[in-house]
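>>> here are the coordinates; sequence isn't available:
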Ligand SMILES: NC(=O)c1ccc[n+]([C@@H]2O[C@H](COP(=O)([O-])OP(=O)(O)OC[C@H]3O[C@@H](n4cnc5c(N)ncnc54)[C@H](O)[C@@H]3O)[C@@H](O)[C@H]2O)c1
């Protein structure tokens with residue numbers, strides 16, 4: 001006669017210690033912020049704001065393609081690329097491209113979309129600044145700046161939107177404008193730059209209107225002064241600005257690129273699902289007084 005033995009005790013769930021790093025965008029925590037599996041292009045991501053925002057998108061789970069004209073991205077790019085692979089289980093790619101080369105732009109973006117069978121987002125951060133008094137600006141210089149900051153941004157958005165329409169899954173596009181699209185920066189003669197950023201604000205509204213029926217959302221992000229080389233290079237030439245500019249906003253300081261990480265993930269994810277044609281101004285209150 002078989003002797004019955006007590007069945008092995010069922011393992012009971014053990015209380016788990018709270019995770020040291022709470023992961024944003026998981027299925028159980030703020031899932032609307034998750035970018036898991038999404039494929040996103042970031043122009044101007046060889047350095048500066050674009051690179052910092054690219055890292056945030058990677059942390060939220062996206063596969064990211066940095067598009068930039070630099071032959072070699074900033075050394076920090078490679079650190080983030082390695083981190084994406086080893087810590088974040090995703091990938092950061094680099095494609096060298098000048099956003100004025102529309103044919104190459106379309107070919108590269110189409111190839112990215114074909115590789116993954118989708119394209120979900122764009123941050124258009126590639127941009128240049130030129131400080132020249134309005135009485136001295138040449139037509140060539142104005143056209144060069146607008147060619148990158150307006151035409152380049154427009155054509156990048158168009159290349160990405162074409163792929164989004166082709167795959168029929170919608171998407172989210174963020175154009176990096178600036179508080180300088182709304183105000184004249186006191187003591188900073190850069191009329192063409194400010195006009196270009198005002199154009200980006202208006203372009204956002206028109207693209208949002210035309211592409212809404214495809215479920216493509218288009219918003220702009222308007223930063224205040226950020227401590228990237230675009231600004232720190234000016235401080236070397238005009239050291240007094242380093243103390244003057246912080247006094248021009250309500251928080252009395254300049255911003256760091258990291259302070260735009262949350263805005264990038266918000267705007268690219270479903271967390272902002274009902275937002276389109278809008279501008280998110282993050283400027284320490286500079287343009288509000
Ligand atoms: N730094 C600021 O204070 C500030 C404030 C508001 C808005 N912005 C905007 O933020 C964006 C990023 O600026 P940043 O501060 O990181 O400057 P940055 O100069 O560090 O980065 C700009 C990047 O764009 C790339 N780029 C420029 N022209 C290009 C082209 N034709 N094709 C492809 N890539 C090109 C550059 O190679 C560079 O990697 C810009 O659109 C800028 O106008 C900056």
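That came in fine, so what should we check first? From a predicted model like this one, the values you see are computed outputs, not experimental measurements.

>>> excluding sequence neighbours, find me the nearest residue to residue 279.
Ranked by Cβ to Cβ, 6 or more residues apart in numbering and with sequence neighbours excluded, the top spatial neighbour of residue 279 is residue 220, at 4.6 Å. Heads up, the C-betas are built off the backbone N, CA and C, glycines and all.

>>> for residue 146, same thing?
Using Cβ to Cβ, 6+ apart, the closest residue to residue 146 is residue 196 (5.6 Å).

>>> and the one you found, which helix or strand is it part of?
helix 191-211 (DSSP states H and E).

>>> and what of residue 134?
Judged by DSSP H and E, residue 134 forms part of no helix or strand.

>>> can I assume it is in contact with residue 191?
Yes: the criterion here is Cβ atoms under 8 Å, and residue 134 meets it with residue 191 at 4.6 Å.

>>> those two - which one has more neighbours?
Applying other Cβ atoms under 10 Å to residue 134 and residue 191 shows that residue 191 carries more neighbours, namely 18 against 9.

>>> pLDDT value on that one, please?
Listed pLDDT for residue 191 reads 98.

>>> in contact with it, which residues?
Going by Cβ atoms under 8 Å, 6 or more residues apart in numbering, residue 191 touches 134, 137.

>>> I'd like to know how far it sits from residue 106.
According to Cβ to Cβ, to the nearest Å, residue 191 stands 31 Å off from residue 106.

>>> need phi/psi at residue 72.
Note on residue 72: backbone dihedrals following degrees, to the nearest 10 are phi -130, psi 130.

>>> and for it, nearest residue in space, chain neighbours not counted?
In space, residue 72 is closest to residue 46, 7.9 Å off (Cβ to Cβ, 6+ apart).

>>> list the residues that contact that neighbour.
66, 68-70, 72-74, 77, 94.

>>> from the chain's centre, how far out does stretch 186-196 sit?
Relative to the chain's own centre, stretch 186-196 is displaced by 22 Å; criterion: Cα atoms, centre = their mean, to the nearest Å.

>>> show me where pLDDT drops low in the stretch 1-150 of the chain?
The stretch 1-150 of the chain contains residues with pLDDT under 70 at 1-26.

>>> what's the neighbour count on the closest residue to residue 185 other than its chain neighbours?
Excluding the flanking residues, the one nearest residue 185 by Cβ to Cβ, 6+ apart is residue 194, at 7.1 Å. By other Cβ under 10 Å, 20 other residues sit near residue 194.
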